[in-house]
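>>> attaching a predicted model along with its sequence, questions to come.
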Amino acid sequence: MGSPLAFSFAAIDDAHVPDMMRRRLEEGRGGVPDETLDIEPELGRRRMSDLLSAVAQDGDRQAFAVLFQYYAPRLKTYMRKLGTEAAVAEELAQDAMLAVWRKAASFDPSRASAGTWIFTIARNLRIDMLRKERRPEINIDDPELVPDPAPRADEVMVTEQSERRVHAVMAGLPAEQTEVVKLSFYEDTPHAEIAARLKIPLGTVKSRLRLAMKRFRSELGDDLP
Amino acid sequence: MNATFHPSDEFLMAYGAGSLDESSALLLATHLALCPRCRAEVGRIEALGGAIIEDLEPSDMGADALVSVLAKLDEPPPRPQPRCPAGGPSGLPSPLRDYLPADIDALPWKRLAAGIEQAILLQGRGIRARLLRIGAGITVPEHGHGGMEMTMVLRGGFSDLGRGYARGDVAMADPQVVHSPAADGGETCLCLAVTDAPLKLTGLVGMLVNPFLDL
């Protein structure tokens, strides 16, 4: 195992999916045997984006249930890592998935994978609910926005390929860089807290972070000016 | 024209991860609107966030979690939060525009020195975001900082410590910097500035005006 997206349909059966919905999920398997089905991570990731698109286009509840079973428990862990107590983390994970349903129309597979988009929904929801702050974000329809250089040939493909590589690049980073990258996502203040927690100078945190980001830039492509 | 000077990697990371305060996040997001390079950078950071979520061990959800969320899918969504003043001035990018009245002259501007005025937009967690207007060709009195200062050009330009900053550029000054930026000639320079500690004017002018300023 170890692959983050090895996806198990058994997990759906274990959970509390209403009977009718479970039948429909099973019908959708198309002859796949009943035992645990592990999909290759790439396929799993592709599938997640397809499911999210199905939610966006058709209001597909089965697709939503599958996304929920995979992401909600991980979003709860994410909220816990940020220091949120269990009951609140559960509520935030549920609310984030509800927001995924409501905002699905704004999911654009040429810009992000399902996992990335769901992360941004959960991140913003937490800022809104726990910090009671607004989250300033760009508006891609803003006429003042300086547009990207000419779009690439197949952006969905490029997005998938590069996001697939994110896991690989993460796995290949030196442990000390992985640590500061992950802690960046689990702290509610910028990097002084991380320095204090790891008992290393702030400058060291910054230099590890810069090295990691440089690696990501070169490995994931930076065809922008 | 694309920006030449960008927020540092740590700020981009903190924005993407969601740990920045609202004032700093406002400056970062406004820069992103003007800078495809940093947009791509934040896109990669968010992809990292997605990968980190997918790599996490799942927690046990409550027994009725899915059922209770499914039951809410048909509820009407809560009404969207009212944006601050509707409209916002033209010529300035979103999201900054959402924090401003249609005419920025309507902001509570305060004069800091001859030809220099500021309007506080936002403060929280000890961090303030303000608009600064510096008249064409005016030099800001020499000052230092108790902390970090990030300044982004919205209109016009200024030069500081040998560098020229134009629309979209971000100047980062750390606590050690003592400087005296000068607005370019020709037009008033409009900037968004974020500070995490009061500015300290250092020169003679500073000694005279510091006590009266709400920096």
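Received it, and whenever you're ready, just let me know what you need.
>>> next, B:Gln118: secondary structure please.
The local conformation at B:Gln118, judged by DSSP: H, G, I helix; E, B strand; the rest coil, is strand.
>>> residues touching B:Val69, list them.
A:Phe68, A:Ala72, A:Gln94, A:Met97, A:Leu98, A:Trp101 (Cβ atoms under 8 Å, 6 or more residues apart in numbering or on different chains). Where you see a C-beta, it was placed from the backbone N, CA and C, and this is true even at glycine.
>>> list the buried ones in stretch A:191-208?
Within stretch A:191-208, the residues that count as buried by 16 or more other Cβ atoms under 10 Å in any protein chain shown are A:His191, A:Glu193, A:Ile194, A:Ala195, A:Val205, A:Lys206, A:Arg208.
>>> repeat that for stretch A:58-71.
Neighbour-count burial for stretch A:58-71 flags A:Asp60, A:Arg61, A:Gln62, A:Ala63, A:Phe64, A:Ala65, A:Val66, A:Leu67, A:Phe68, A:Gln69, A:Tyr70, A:Tyr71 (criterion: 16+ other Cβ under 10 Å).
>>> and stretch A:208-216, by the same measure?
Residues of stretch A:208-216 classed as buried by neighbour count (16+ other Cβ under 10 Å): A:Arg208, A:Leu209, A:Arg210, A:Leu211, A:Ala212, A:Met213, A:Arg215, A:Phe216.
>>> overlap between these and the residues near chain B?
Applying Cβ under 8 Å from any Cβ of the partner chain to the buried residues of stretch A:208-216, one finds that A:Leu209, A:Arg210, A:Met213, A:Phe216 fall near chain B.
>>> could you verify my assumption that the third one touches B:Ser8?
So the one you mean is A:Met213. No - between A:Met213 and B:Ser8 there is no contact under Cβ atoms under 8 Å: 10.3 Å.
>>> tell me if stretch B:183-193 is near chain A.
No - figure legend: stretch B:183-193 not in contact with chain A (Cβ under 8 Å from any Cβ); closest approach 11.0 Å.
>>> send the alpha carbons of that stretch over as PDB?
The C-alpha trace of stretch B:183-193 is given here as PDB (Å, rounded to 0.1, in the frame of the first residue of the first chain):
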ATOM      1  CA  ALA B 183       8.200  58.700  -5.900                       C
ATOM      2  CA  ASP B 184       8.900  59.000  -9.600                       C
ATOM      3  CA  GLY B 185       8.100  62.300 -11.300                       C
ATOM      4  CA  GLY B 186       5.100  62.700 -13.500                       C
ATOM      5  CA  GLU B 187       2.200  61.200 -11.400                       C
ATOM      6  CA  THR B 188       1.200  60.500  -7.900                       C
ATOM      7  CA  CYS B 189       2.400  57.100  -6.700                       C
ATOM      8  CA  LEU B 190      -0.300  55.000  -5.200                       C
ATOM      9  CA  CYS B 191       0.900  52.000  -3.100                       C
ATOM     10  CA  LEU B 192      -0.600  49.300  -0.900                       C
ATOM     11  CA  ALA B 193       1.700  48.800   2.100                       C
END
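>>> need the residues that contact that stretch.
If you take Cβ under 8 Å, 6+ apart as the criterion, stretch B:183-193 is touched by B:26-27, B:30, B:96, B:104, B:118, B:121, B:129-140, B:149-159, B:164.
>>> give me the most central residue, chain A.
A:Gly115 (2.8 Å; Cα atoms, centre = their mean).
>>> what confidence value was assigned to B:Val170?
Looking at B:Val170, its pLDDT reads 97.
>>> what about the residue sitting nearest the centre point of chain B, helix or strand, and which?
With distances taken as Cα atoms, centre = their mean, B:Leu27 lies nearest the centre of chain B, 1.9 Å away. If you go by DSSP states H and E, B:Leu27 is part of helix B:22-34.
>>> give the other helices and strands that the helix or strand that that helix is followed by contacts.
Remark: after helix B:22-34, the chain's next helix or strand is helix B:36-55, criterion DSSP H and E. Helices and strands touching helix B:36-55, by 3 or more Cβ pairs under 8 Å, 6 or more residues apart in numbering or on different chains; DSSP states H and E, are helix A:61-81, helix A:114-129, helix A:155-172, helix A:175-186, helix A:202-220, helix B:9-17, helix B:22-34.
>>> of all these, which one is nearest B:Asp74?
Proximity of the helices and strands packed on helix B:36-55 to B:Asp74 was assessed by Cβ to Cβ; the nearest stretch is helix A:61-81, lying at 10.1 Å.
>>> next structured bit after the closest one?
Next along from helix A:61-81, by DSSP H and E: helix A:86-103.
>>> can that next one be found next to chain B?
Yes - using Cβ under 8 Å from any Cβ, helix A:86-103 reaches chain B at A:Ala86, A:Ala89, A:Glu90, A:Ala93, A:Gln94, A:Met97, A:Leu98, A:Trp101, A:Arg102.
>>> was I right to think the fourth one contacts A:Phe68?
No - taking contacts as Cβ under 8 Å, A:Ala93 lies outside contact range of A:Phe68: 9.3 Å.
>>> who touches both of those two?
Common neighbours of A:Ala93 and A:Phe68 (Cβ under 8 Å, 6+ apart) are B:Ala65.
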